[in-house]
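Novice: what follows is a predicted protein model with its sequence.
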Amino acid sequence: MLTGKTALVTGSTSGIGLGMAKALAEQGANIVLNGFGDSAGPQAEIAALGVKVAYHGADMSKASEIEAMMKFAADTFGQVDILVNNAGIQHVSPVQDFPVDKWDAIIAINLSSAFHATRLALPAMQKSNWGRIINVASIHGLVGSADKSAYVAAKHGVVGLTKVTALENATTGVTCNAICPGWVLTPLVQKQVDAKALAMGLTNEEATKLLLQEKEPSMQFTTPEELGALAMFFCSSAGNNVRGVAWNMDGGWTAQ
Ligand code: NAD
């Protein structure tokens, strides 16, 4: 049980982040949500689980806003015990055509934000000798796919950051691990299904099947609930000595 602990989940107004936040709230953790779009709905969903919830709308591409969010979390709940670095965006294009502003945004949101939140969360975790940092990387932290240069570079970076953070805290009660999902049906992936359907004149169902078929032998999406359960394992006492892993939940993607 995580009663009395506080979890901050970046990019938690939808998709995987919201799934993570719900899983942590179900175990009793107070939650700080972050992300764009509707925040009232997600806040109500978390509050219904009987824990305290707060929201900060920091833009994760901006270090100063991340600093403000971490201060807000500490002022509201005392300290952050569990940090889930989850916010992320995608853009697909060959390297030679990749828009420079998209490259910069992906590196900032998918990689540098994890560095900033981690550096700001660590001192309090080290002081209390307990903490969990969970980086939502991707299967693209382990292997590449064409047209995803910035995303793959950022996610490989997140896996590297995970290992170093874990090593630097290896003799303490603070652990850091990465989760590497294959396909999860969230707005981020639905956009890729839509692009495929449009380009190839397919129905949503046909494009979804093709997307899975290309990479995922299970032909099934991983769910935010399954990812939340893995996060819970890292947070449990069974996860005390799990340090620096990049754990894939990918329907066999990387077993091929
Ligand atoms: P999503 O689009 O549903 O959610 C992304 C979240 O990040 C949203 O809450 C959004 O508001 C927030 N966000 C985006 N830009 C932000 C910014 N600048 N500042 C603050 N918040 C911002 O996507 P998702 O699929 O749930 O992705 C979550 C994470 O999981 C990402 O890091 C993604 O790379 C990773 N991931 C997703 C999949 C997948 O198949 N969906 C697979 C592997 C890894």
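Specialist: Perfect, I can see it now.
Novice: now the farthest one out in the chain, which residue is it?
Specialist: Here the chain reaches farthest from its C-alpha mean at Gly201, the gap being 32.0 Å by CA atoms, centre = their mean.
Novice: who are the contact partners of it?
Specialist: Contacts were defined as CB atoms under 8 Å, 6 or more residues apart in numbering; by that measure Gly201 touches no other residue. (Glycine included, C-beta is placed from N, CA and C.)
Novice: swap in Thr208?
Specialist: 185, 193.
Novice: and it, how far is that from Met249?
Specialist: When distance is defined by CB to CB, to the nearest Å, Thr208 is 19 Å away from Met249.
Novice: on that earlier part again, and the residue farthest from the centre of the chain, backbone torsions?
Specialist: Dihedral angles phi and psi of Gly201 (degrees, to the nearest 10) take the values phi 60, psi 40.
Novice: which stretches in the stretch 51-200 of the chain count as helices?
Specialist: Taking DSSP state H, counting those that start in this stretch as the test, the helices found in the stretch 51-200 of the chain are 63-77, 100-107, 113-128, 149-168, 187-200.
Novice: anything in the second one near the ligand?
Specialist: Just to be clear, that refers to helix 100-107. No. When contact is scored as CB under 6 Å from any ligand atom, no part of helix 100-107 falls within range of the ligand; the minimum is 7.5 Å.
Novice: keeping just the C-alphas, turn that helix into PDB.
Specialist: The C-alpha atoms that make up helix 100-107 are tabulated as PDB, following Å, rounded to 0.1, in the frame of the first residue of the first chain:
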ATOM      1  CA  VAL A 100      14.000  21.000 -36.600                       C
ATOM      2  CA  ASP A 101      11.300  22.400 -34.200                       C
ATOM      3  CA  LYS A 102       9.800  18.900 -33.900                       C
ATOM      4  CA  TRP A 103      13.200  17.400 -33.100                       C
ATOM      5  CA  ASP A 104      13.800  20.000 -30.400                       C
ATOM      6  CA  ALA A 105      10.300  19.600 -28.900                       C
ATOM      7  CA  ILE A 106      10.600  15.700 -28.800                       C
ATOM      8  CA  ILE A 107      14.000  15.800 -27.100                       C
END
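Novice: so which bits of that helix are buried?
Specialist: When neighbours are counted by 16 or more other CB atoms under 10 Å, the buried residues of helix 100-107 are found to be 102-103, 106-107.
Novice: and if you look at the longest one?
Specialist: Residues 149-159, 161-163, 165-166 are the ones in helix 149-168 that count as buried (16+ other CB under 10 Å).
Novice: that'll do, ta.
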